[in-house]
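**Student:** Okay, predicted coordinates and the sequence, questions at the end:
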Amino acid sequence: MGNGDSRVRGIAARAGGWSARHRWAAVGIWVLFVVLAMGLGSAAGRVDVDDSDQLKGETHTAARIVEDAGIEEPAGETVLVQAKDGDLKATDAEFRAAVEAVVTAVEGTGEATDVTSPYDTRTISEDGRSALVQFDIRGDSATAGERVEPVLKAVEGVQEDHASLRIEEIGGASMMKTFDDAFGDDFQKAEYSAVPVALGILLIAFGALVAALLPVLLAITAIVATMGLMGVVSHVMPMSDTANSVMLLVGLAVGVDYCLFYLRREREERAAGRDAQTALRIAAATSGRAIVVSGVTVCVAMAGMLFTGLAEFEAMGLASLMVVAVAMVGSVTVLPALLSLLGERVEKGRIPFLRRRGNSGNGGNSGNGGNGGSRFWTAVLKGVLAKPVVSVVVATGALLAVAAPALGMKTQQLTLDQEFGDSLPIVQTYNRLNEAFPGGSEPAEVVVKAKDINAPEVKAALADFRERAVDSGASRGPVEIKLHDAQNVAFVYVPLVGGSDLDKAGASLDTLRDEVRPATLGEVDGVEAPITGQVAGSKDFNDQLAGAVVPVFAFVVVFAFGLMLLSFRSLTVALTSIVLNLLSVGAAYGILVAVFQHGWGASLVGAEGVGAIVTWLPLFLFVILFGLSMDYHVFVVSRIREARLRGRTTRDAITHGVVTTAGVVTSAAVIMVAVFAIFGTLSMQSMKQMGVGLAAAVLIDATVIRGVLLPAVMALLGERNWYLPKWLHRLPDLTHDEAPDAVAAPVTHDDKGEPVRV
């Protein structure tokens, strides 16, 4: 192919061409877009998900009743007073003196209200060695952690005066403060360290500072713009801090990847002797097109989260979808303009001792037959293509073996000790409290709404509920009732038998919901009595998530299949794409279960004793991984198809496509694995599970899937890779925005003389 000015087709090629010709306009429009998005977002402010919108079912109903009644539930706190040996009892004078001292000290801070003595509320354990002083923190519960410190210090002062007793505070406010102090900067540090890690890897990949900075800067601007857009969109669909963090994670991963694909192809073509204009045009037509296909596929996958009906998932899905779309648009518009402006200056800031990247391959040029690229993957492919059947069997068998533990996956909302281990004193307090008062730290909460909460039949039903809750075995008491007469609402707090064991506590909850409530409160007309609390919330979340799994899986798989079919006009490529991605996700599930549930190698990542996978993670991982896996798949298959169009045999095209993309796929995968692995170092087990799962899946996807299984399967299929039934020929043609020489390539024919549709 010469350096002619042949036109190329397709949206990515046209966008890249326009940007290269109108460089300053393209850069100016992008900067204006980022500034406007950020400004509009700041002006609009962000609306976060309300508690009442978090879940459907009884948890949602209870939150709605409380919200409609205008009741602000305060942050509840508990002080555990417990004998350190078996001799001292709650009835002893020393024990009583300590309890009275706690009550006096807490009241004296002025930050507590409704302070109750265990001798009045009967919150004394069965063995008589433990008692609970309970109270609320004044003011908004959302900010109670900022006001609880004087109370904590007062309780510590009482502890110093009573060495024979264990006097410890726990509750919503104290846990909020403890976790903010211990882990408040944990996640933020991980987010901040992700950028320098990505930049460091890009420096190694490109060997030049300017070339390495471009992907990072574009990813950051995409993230900044999306943050602004999230503020605007949140007025229609509320956002959250979690959605913001996931958006940053996904935005950095895909933003850097997309720019990396584009930039490496442009440098590769220039290294092969193309002039700057032609190199940019080829990069736009090939890598640009792959970015668009990949980006749309990732957006579709992220959109699957919108079908869960869970507000948090919907926020994460929409935020991720937006940042992928923004990063995709930036990569095919402003990046060509910047490359055109920089020219040879993209090589500025050469790093000593790093060889010039991109010169080793032939850039995918037709005619010379060379493959260039990675020597390692050339050697691997030689073995894979020599024995494709063995390669498929071994690789598939290995992935299925890795995925096997996932068949016994146990999901649940992690309890405090599972989430943080016993590294914090408050977690040990949590365990001691649950041992002395099963369910006492996280009781079920029955929100009772009646026309007249003081009506005789309602009061009788409340008393009957309290009695039957204990008689049924669901609770050992004490069951506390708190009336809000003005709002005709009552809160009933029921410690569940099972405590922090969510399986047993869940059975107790079922007893309350299915047996105790219908026989008591359910007998009174006009009474609503939804049961909420942590155990109930976990169960409702699980139930709703279970109902969403099939629709989300079906949506993502079907639409991804359709996009691949339209993009490559090959039924075979579409089917193999889905199967290979599912294998990658399955292997990630298996690793998660093996490490975090069974504890195999758990000490290596600091995950001993978790015993379960956090409920939201499997579906979240499926959506994220299915989307991100398409990055590599589309990029590699596009390069194989491009080589096939240029007249190579399918086997040569496979070798060429995989080897020449090996460097960029490896660099992209290393960045993703490194960024995700940072999150695997966090203290919270849910974040650790997410980081390990994502890192493992990307590593498997970029090596076993793309380096072994994909080429082996395509080698076995041969020309059937490009099979499209005649009845599907009427589908819209969204195929390759070919490089000029590819468009002019002769049509190849199969053994029967029919043109090969590729």
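**Tutor:** Alright, I've got the coordinates. Residues are numbered from 1 along each chain as shown.
**Student:** What's the local residue count around Leu280?
**Tutor:** Leu280 is flanked by 27 other residues according to other CB atoms under 10 Å. Using the backbone N, CA and C atoms, a C-beta is placed for each residue, glycine as well.
**Student:** Alpha carbons of the helix or strand encompassing it, in PDB - could you do that?
**Tutor:** Assigned by DSSP states H and E, Leu280 belongs to helix 276-283. In PDB, the C-alpha atoms belonging to helix 276-283 read as follows (Å, rounded to 0.1, in the frame of the first residue of the first chain):
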ATOM      1  CA  ALA A 276       1.900  10.800   9.400                       C
ATOM      2  CA  GLN A 277      -1.400  11.400   7.600                       C
ATOM      3  CA  THR A 278      -1.700   7.800   6.300                       C
ATOM      4  CA  ALA A 279      -0.600   6.300   9.600                       C
ATOM      5  CA  LEU A 280      -3.400   8.300  11.400                       C
ATOM      6  CA  ARG A 281      -5.900   7.300   8.800                       C
ATOM      7  CA  ILE A 282      -5.100   3.600   9.200                       C
ATOM      8  CA  ALA A 283      -5.100   3.800  13.000                       C
END
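**Student:** Report all helices and strands that that helix contacts.
**Tutor:** Where contact means 3 or more CB pairs under 8 Å, 6 or more residues apart in numbering; DSSP states H and E, helix 276-283 is packed against helix 11-21, helix 241-271, helix 311-342, helix 740-743.
**Student:** at 6 Å what do you get?
**Tutor:** helix 241-271 (3 or more CB pairs under 6 Å, 6 or more residues apart in numbering; DSSP states H and E).
**Student:** any low-confidence regions in this structure?
**Tutor:** Applying pLDDT under 70 to the chain flags residues 1-10, 51-55, 182-188, 191, 353-374, 422-423, 440-441, 499-500, 733-758.
**Student:** could you pull out the strands for it?
**Tutor:** Remark: strands assigned in the chain by DSSP state E are 75-83, 112-116, 130-137, 165-171, 411-412, 444-449, 480-484, 489-494, 531-532, 613-614.
**Student:** Just put the ones you listed in JSON lines and tack on mean neighbour count.
**Tutor:** Below are those laid out as JSON lines (neighbours: other CB atoms under 10 Å):
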{"stretch": "strand 75-83", "mean neighbour count": "23"}
{"stretch": "strand 112-116", "mean neighbour count": "16"}
{"stretch": "strand 130-137", "mean neighbour count": "25"}
{"stretch": "strand 165-171", "mean neighbour count": "22"}
{"stretch": "strand 411-412", "mean neighbour count": "19"}
{"stretch": "strand 444-449", "mean neighbour count": "25"}
{"stretch": "strand 480-484", "mean neighbour count": "15"}
{"stretch": "strand 489-494", "mean neighbour count": "22"}
{"stretch": "strand 531-532", "mean neighbour count": "24"}
{"stretch": "strand 613-614", "mean neighbour count": "24"}
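**Student:** who wins for proximity to Ala401 among those?
**Tutor:** strand 613-614 (19.0 Å; CB to CB).
**Student:** Give me the contact list for the closest one.
**Tutor:** For strand 613-614, the surrounding residues in contact (CB atoms under 6 Å, 6 or more residues apart in numbering) are 409, 411, 414, 592, 686, 689.
**Student:** and the two most separated of these?
**Tutor:** Met409 and Ser686 (15.1 Å).
**Student:** More neighbours: which of those two?
**Tutor:** Ser686 (19 against 16).
**Student:** re earlier: compile the strands of the chain into CSV and extend it with columns for distance to Ser245.
**Tutor:** Below are those laid out as CSV (distance: least, CB to CB, whole Å):
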stretch, distance to Ser245
strand 75-83, 24
strand 112-116, 33
strand 130-137, 27
strand 165-171, 26
strand 411-412, 21
strand 444-449, 29
strand 480-484, 36
strand 489-494, 33
strand 531-532, 26
strand 613-614, 15
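**Student:** so which of the ones you listed gets nearest Ser340?
**Tutor:** Proximity to Ser340, assessed across the strands of the chain by CB to CB, is greatest for strand 613-614 (46.4 Å).
**Student:** Tell me how far Arg646 lies from His656.
**Tutor:** 9 Å (CB to CB, to the nearest Å).
**Student:** between those two, which one's more packed in?
**Tutor:** Neighbours around Arg646 and His656, counted as other CB under 10 Å, are more numerous at His656. The numbers are 28 against 23.
**Student:** Not including adjacent chain positions, what is the nearest residue to the more buried one?
**Tutor:** Counting by CB to CB, 6 or more residues apart in numbering, Ala643 is the residue found nearest to His656 once chain neighbours are left out, at 4.5 Å.
**Student:** I figured the one you found was touching Arg651, is that so?
**Tutor:** No: counting by CB atoms under 6 Å, Ala643 stays clear of Arg651, with 10.6 Å between them.
**Student:** Who has more neighbours out of those two?
**Tutor:** Set Ala643 next to Arg651 and count neighbours by other CB under 10 Å: Ala643 wins out with 24 against 15.
**Student:** separation between the more buried one and Lys539?
**Tutor:** Taking CB to CB as the measure, Ala643 falls 53 Å from Lys539.
**Student:** show me the contacts for the nearest residue to Gly537 once chain neighbours are set aside.
**Tutor:** When the adjacent residues along the chain are set aside, Gly537 lies closest to Thr59, with 5.0 Å between them (CB to CB, 6+ apart). By CB under 6 Å, 6+ apart, Thr59 lies in contact with 532, 536-537, 540.
**Student:** Now render these as JSON lines, adding distance to Met305.
**Tutor:** As requested, the contacts of Thr59 are exported to JSON lines (distance: CB to CB, whole Å):
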{"residue": "Thr532", "distance to Met305": "24"}
{"residue": "Ala536", "distance to Met305": "23"}
{"residue": "Gly537", "distance to Met305": "19"}
{"residue": "Asp540", "distance to Met305": "18"}
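**Student:** out of the residues you listed, who has the most neighbours?
**Tutor:** Going by other CB under 10 Å, Ala536 tops the contacts of Thr59 with 26 neighbours.
**Student:** ok, now which ones touch it?
**Tutor:** Going by CB under 6 Å, 6+ apart, the list of residues near Ala536 reads 59, 444, 509.
**Student:** which of these lies closest to Asn581?
**Tutor:** Thr59 (33.4 Å).
**Student:** Asp514 versus that closest one, what's the distance?
**Tutor:** Distance, Thr59 to Asp514, using CB to CB: 16 Å.
**Student:** Same check on His484?
**Tutor:** According to CB to CB, His484 and Asp514 sit 27 Å apart.
**Student:** Ok, Pro118 next?
**Tutor:** Counting by CB to CB - Pro118 and Asp514 are separated by 31 Å.
**Student:** The two - which one has more neighbours?
**Tutor:** Using other CB under 10 Å, the more surrounded residue of Pro118 and Asp514 is Pro118, with 23 against 10.
**Student:** wait, doesn't that one sit right on Ser125?
**Tutor:** No: applying CB under 6 Å as the test, Pro118 and Ser125 come out as separate, 9.4 Å apart.
**Student:** Look up how far Val659 lies from the residue nearest to His656.
**Tutor:** Separation of Ala643 from Val659 (CB to CB) stands at 10 Å.
**Student:** what angle sits between the longest helix along the chain and strand 444-449?
**Tutor:** In the chain, assigned by DSSP state H, the helix with the most residues is helix 534-568. For helix 534-568 against strand 444-449, the angle by axes from the mean of the first three to the mean of the last three CA atoms, to 10 degrees is 90 degrees.
**Student:** For helix 534-568, buried residues please.
**Tutor:** Buried residues in helix 534-568, counted by 16 or more other CB atoms under 10 Å: 534-542, 544-545, 548, 552-553, 555-557, 559-560, 563-568.
**Student:** re the thing from before, would you mind giving the contacts of Ala536 as a markdown table with distance to Ala677 added?
**Tutor:** What follows is the contacts of Ala536, written out as a markdown table (distance: CB to CB, whole Å):
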| residue | distance to Ala677 |
| --- | --- |
| Thr59 | 34 |
| Ala444 | 39 |
| Leu509 | 37 |
